[in-house]
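Q: Task: produce atomic coordinates for the following.
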Amino acid sequence: MSDRIFISNLCLYGFHGVMPEEKRLGQRFYIDLSCDIDLAPAGQADDYGLTVCYDALCQLAQKTCDSGPFDLIETLGERIAQGILDRFAAIRSVRVTVLKPSAPIRATLDHVGIEILRQR
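A: Model prediction:
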């Protein structure tokens with residue numbers, strides 16, 4: 001099955017990181033979500049109740065981000081993925097990408113990040 005619901009570039013502000021300044025000052029994180037789900041029933045019936053609400057996914061990611069601080073963006077991604085699988089039974093797998101554009105490292109770059117895939 002290749003159906004999916006996705007959210008790109010959700011900007012969340014959080015206090016995650018190993019460095020004390022990251023937990024004190026906070027920074028932006030960009031989240032991409034890609035959820036494997038059979039969209040045929042919703043599309044055929046034109047029924048909102050047969051799909052997953054984009055806003056609910058965004059709110060879950062925001063609530064998870066706010067539940068920190070976490071030392072690692074790996075933890076943020078893992079908790080978002082697990083929360084999605086726990087809450088939305090119709091989602092078979094989820095890919096979570098967490099981008100950290102202000103990582104405190106000595107390099108010129110757009111961002112660092114992680115990507116995880118979790119399945120039922």
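
Q: Strands along this protein, start to end?
A: For the chain, the strands defined by DSSP state E occupy 4-14, 27-36, 93-100, 112-119.

Q: Now the longest one: average pLDDT?
A: Yep, that's strand 4-14 we're talking about. Mean pLDDT, computed over strand 4-14, is 98.

Q: How much space separates residue 40 from residue 90?
A: 11 Å (Cβ to Cβ, to the nearest Å). Backbone N, C-alpha and C define where each C-beta goes, glycine included.

Q: Looking at these two, which is more packed in?
A: Counted by other Cβ atoms under 10 Å, residue 40 and residue 90 do not tie: residue 90 has more neighbours, with 15 against 11.

Q: burial count for the closest residue to that one other than its chain neighbours?
A: Distances taken as Cβ to Cβ, 6 or more residues apart in numbering put residue 37 closest to residue 90, at 5.3 Å, once the chain neighbours are dropped. For residue 37, the neighbour count with other Cβ under 10 Å is 20.

Q: gap between residue 37 and residue 96?
A: In terms of Cβ to Cβ, residue 37 sits 15 Å off from residue 96.

Q: How about residue 18?
A: With Cβ to Cβ as the criterion, residue 18 and residue 96 are 20 Å apart.
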